[in-house]
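Got a sequence here, can you build the structure:
(chains A and B)
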There are 2 protein chains.
Amino acid sequence: MNLGDIYKPVQGDLEKVERSLEEIADSEFQLLAQLLTYTLKNGGKRIRPALTLLSAKFYGYDLNTLIPIAMAIELLHTATLVHDDIVDNSPVRRGRPTVSCAWGENRALLLGDYLFAKAGSLAASTGNLRVIKLFSQTLMTISGGELRQTGVTFDLKRAREHYFDWISAKTACLFSAATESGAILSQAPEEAIDAMRDYGHNLGMGFQIVDDVLDFVGEEDELGKPVGSDLREGAVTLPSILFAKSNPKDNLIQAVIEKRDAESVVLAVEKIRDSPVIGECLALASDFCFRARRAVEKLPDNSARQSLLELAAYIIERRK
Amino acid sequence: MNLGDIYKPVQGDLEKVERSLEEIADSEFQLLAQLLTYTLKNGGKRIRPALTLLSAKFYGYDLNTLIPIAMAIELLHTATLVHDDIVDNSPVRRGRPTVSCAWGENRALLLGDYLFAKAGSLAASTGNLRVIKLFSQTLMTISGGELRQTGVTFDLKRAREHYFDWISAKTACLFSAATESGAILSQAPEEAIDAMRDYGHNLGMGFQIVDDVLDFVGEEDELGKPVGSDLREGAVTLPSILFAKSNPKDNLIQAVIEKRDAESVVLAVEKIRDSPVIGECLALASDFCFRARRAVEKLPDNSARQSLLELAAYIIERRK
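The predicted model follows:
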């Protein structure tokens, strides 16, 4: 099972999204064009716009509003990545220097702002106020969540709960905005909109947990960044939390948080990779994907539903 | 003539905007509440929301849409200031440490994003698609303009033209969005909307030129930041450009651009302050304000029009 097969019911529409994203990059002054090309032709999986397109396939949809919102969702995602890479001081993403690393933090900051604006403008072009409001609410949740995260000091007792709040704000929120906006724009009935939102949220939770697992067990050339990047950047994710919980006498994670030196990070990655917590994390991710599948089973049976079900399986099995 | 008198026709509405801005700060988690309080209770002049409110006073307006857009315009302005202070590495604004200086660049970046989102959400709450599109277009122009500015190397031949493009994107654009959105939401006829946009643009151009003059001739305690901050941060504004043009043998400005040391900045500020270019700049600012007044004279005569005319005079005379 690969993404190409899963995207099949919306392949043509997704290509339109891709071409329209390329056109954005063509239409501006030179520096901006360079930055946009670099950022938008990035080899991303395009899961979020595919979700929007698939979610609209159950009722009557209009490509004139659907393509712009799918683009807006992808641009919002891209903008948050560009800003996150400044905040996390990340050198590499998808195998290439980050914008802030290649062009400097100031340009990365302003590019992110421009992408937010372009995304907002595309959302506005749908003419659908409910979608526009959902869109700005989503950015508030994402930036508010990241801000909250900067104030969190590691507290093992509350770490797991914090982690779920955090990934809900940073990832699941945008996944559910992607599916919900597709449902709204296809005139789906309220129960179907609820189901699609529910699907998106749970898929996003599962997706992020797997992302955080891959940061321990993945291969650098598949991930496009070094293994252990999260710990190196100070992000204590689910594998570390579960490891600390099940090894209360081992101060491995505490040492990484305090020192953040290469040696402690390498040691922590090795220990966690070979521990049972990886399996526990994947079981939790599977739980979320199970809930996602259950939500989507309420929808009419068609090839898009099949794709959404397969996507929920794919994100657990993926290697990158 | 002071702002309090000029704002009189919309005093009650402006107080509502102020209170509603305070309420935003009250409603979130602690770190965000602190940051919002610090940023929004900032002693700003509130010129932009006042412009929106005054611009709506000529036809039929509804406070339920007008207060949100006035707030949105002020929040968008605030967000760009928070991000600009990161880009320019500014230590002080309005007599206090900048957010990036007091809380760090990461929090400032995320706070700015949050403010953009909140602003977008308020703009969306007007339910007026034309205003929502104007709003996102404005943020694109502002961030695109700043991005362009990061790629500009000083070229005396094109410096004046560049400067006008730059301040049009960074300041006049938001002033005209403020007046245009007030006009749109008050159901003004198209010619009146054009006139209000024209007024806002020209007022903004004049306002920014005076701002740039005050950076040379103002008093630190009135400005809320040290004199010469622009040159120190590498911003070559109209007074420096006109000085370089009228003193082709003096390499004062070139020296500041190359060295950016305290000594060259102090020398440049002294020389420019005592030169005729200050008068030339103010004459250009007056020209823009004259055009602003001419635009607004096309509107029905009432107390709001009187205020807009007085505002165009005020911004030339102001000391801060």
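
How many neighbouring residues does A:Gln187 have?
By the criterion of other C-beta atoms under 10 Å in any protein chain shown, A:Gln187 has 14 neighbours. The way it works is simple: take the backbone N, C-alpha and C, and place the C-beta from them, glycine included.

And the residue of the stretch 201-320 of chain A that's closest to chain B?
A:Gly234 (11.1 Å; C-beta to the nearest C-beta).

check which helix or strand covers that residue.
Of the helices and strands defined by DSSP states H and E, none includes A:Gly234.

Up against chain B, what does the stretch 151-300 of chain A have?
Contact residues (C-beta under 8 Å from any C-beta of the partner chain) of the stretch 151-300 of chain A with chain B: A:Gly151.

Point out where the stretch 151-300 of chain A drops to low pLDDT.
Along the stretch 151-300 of chain A, no part satisfies pLDDT under 70.

Who are the packing partners of the strand or helix carrying A:Ser176?
Following DSSP H and E, one finds A:Ser176 within helix A:173-185. Applying 3 or more C-beta pairs under 8 Å, 6 or more residues apart in numbering or on different chains; DSSP states H and E, one finds that helix A:173-185 contacts helix A:47-55, helix A:63-87, helix A:129-150, helix A:190-217.

The residue nearest to A:Leu51 when sequence neighbours are not counted and A:Arg48: what is the separation?
Distances taken as C-beta to C-beta, 6 or more residues apart in numbering or on different chains place A:Ala178 nearest to A:Leu51, at 4.2 Å, with adjacent residues excluded. Distance, A:Ala178 to A:Arg48, by C-beta to C-beta, to the nearest Å: 4 Å.

quick one, which of these two is more surrounded?
A direct count of neighbours by other C-beta under 10 Å for A:Ala178 and A:Arg48 places A:Ala178 higher, at 32 against 24.

Next up, the contacts around the more buried one.
A:48-49, A:51-52, A:55, A:70, A:73, A:200 (C-beta atoms under 8 Å, 6 or more residues apart in numbering or on different chains).

As a markdown table, those residues with distance to A:Glu191 would be great.
Formatted as a markdown table, the contacts of A:Ala178 follow (distance: C-beta to C-beta, whole Å):
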| residue | distance to A:Glu191 |
| --- | --- |
| A:Arg48 | 23 |
| A:Pro49 | 24 |
| A:Leu51 | 19 |
| A:Thr52 | 19 |
| A:Ser55 | 14 |
| A:Ala70 | 23 |
| A:Ile73 | 23 |
| A:Gly200 | 15 |
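
Provide the secondary structure category for the spatially closest residue to A:Gly60 that is not a sequence neighbour.
Nearest non-adjacent residue to A:Gly60, counting by C-beta to C-beta, 6+ apart: A:Gln187, 5.5 Å away. What DSSP: H, G, I helix; E, B strand; the rest coil gives for A:Gln187 is coil.

Quick one: residues contacting A:Gln187.
A:Gln187 touches A:59-61, counting by C-beta under 8 Å, 6+ apart.

Give me the buried subset of these.
A:59, A:61 (16 or more other C-beta atoms under 10 Å in any protein chain shown).

Tell me which of the contacts of A:Gln187 fall in helices.
Using DSSP state H, no member of the contacts of A:Gln187 sits in helices.

Using JSON lines, lay out the contacts of A:Gln187 together with pLDDT and distance to A:Ser286.
As requested, the contacts of A:Gln187 are arranged in JSON lines below (pLDDT from 0 to 100; distance: C-beta to C-beta, whole Å):
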{"residue": "A:Tyr59", "pLDDT": "95", "distance to A:Ser286": "29"}
{"residue": "A:Gly60", "pLDDT": "88", "distance to A:Ser286": "34"}
{"residue": "A:Tyr61", "pLDDT": "87", "distance to A:Ser286": "31"}
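
TSV for the contacts of A:Gln187, including distance to B:Leu308?
Below are those laid out as TSV (distance: C-beta to C-beta, whole Å):
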residue	distance to B:Leu308
A:Tyr59	49
A:Gly60	48
A:Tyr61	46
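
Sitting in strands, which of the contacts of A:Gln187 do you find?
Among these, no residue falls in strands (DSSP state E).

and the gap between the closest residue to A:Asp13 other than its chain neighbours and A:Lys8?
Of all residues not flanking A:Asp13 in the chain, A:Leu53 sits nearest, at 4.9 Å (C-beta to C-beta, 6+ apart). Going from A:Leu53 to A:Lys8 by C-beta to C-beta gives 11 Å.

Between the two, point out the one with more neighbours.
Taking other C-beta under 10 Å, A:Leu53 and A:Lys8 do not tie; A:Leu53 has more neighbours (29 against 14).

I figured that one was touching A:Thr65, is that so?
No. With contact defined as C-beta atoms under 8 Å, A:Leu53 does not count as touching A:Thr65 (11.8 Å).

A:Leu14: what's it in contact with?
By C-beta under 8 Å, 6+ apart, the residues touching A:Leu14 are A:7, A:46, A:49-50, A:53, A:70.

Measure how whichever strand or helix holds it sits relative to helix A:47-55, angle-wise.
When secondary structure is defined by DSSP H and E, A:Leu14 falls within helix A:11-26. Using axes from the mean of the first three to the mean of the last three C-alpha atoms, to 10 degrees, the direction of helix A:11-26 lies 140 degrees away from that of helix A:47-55.

so how far is helix A:11-26 off the chain centroid?
Relative to its parent chain, helix A:11-26 has a centroid offset of 20 Å by C-alpha atoms, centre = their mean, to the nearest Å.

After that helix, heading C-terminal, what element do we hit next?
Per DSSP H and E, the helix or strand that comes after helix A:11-26 is helix A:30-40.

Give me the neighbour count for the nearest residue to A:Ala50 once chain neighbours are set aside.
In space, A:Ala50 comes closest to A:Tyr7 once its chain neighbours are excluded; the distance is 5.2 Å by C-beta to C-beta, 6+ apart. Residues near A:Tyr7, counting by other C-beta under 10 Å, number 21.

how near is A:Tyr7 to A:Pro49?
Distance from A:Tyr7 to A:Pro49, by C-beta to C-beta: 10 Å.

and if you look at A:Phe290?
A:Phe290 is 25 Å from A:Pro49, by C-beta to C-beta.

which of the two has more neighbours?
A direct count of neighbours by other C-beta under 10 Å for A:Phe290 and A:Pro49 places A:Pro49 higher, at 30 against 14.

show me what contacts the more buried one?
A:Pro49 makes contacts with A:14, A:17, A:70-71, A:73-74, A:178, as judged by C-beta under 8 Å, 6+ apart.

Disregarding residues adjacent in the polypeptide, which is nearest to A:Pro97?
Per C-beta to C-beta, 6+ apart, closest to A:Pro97 is A:Pro91, 6.5 Å.

cool, A:Leu54 as well?
Using C-beta to C-beta, 6+ apart, the nearest residue to A:Leu54 is A:Ala304, at 4.7 Å.
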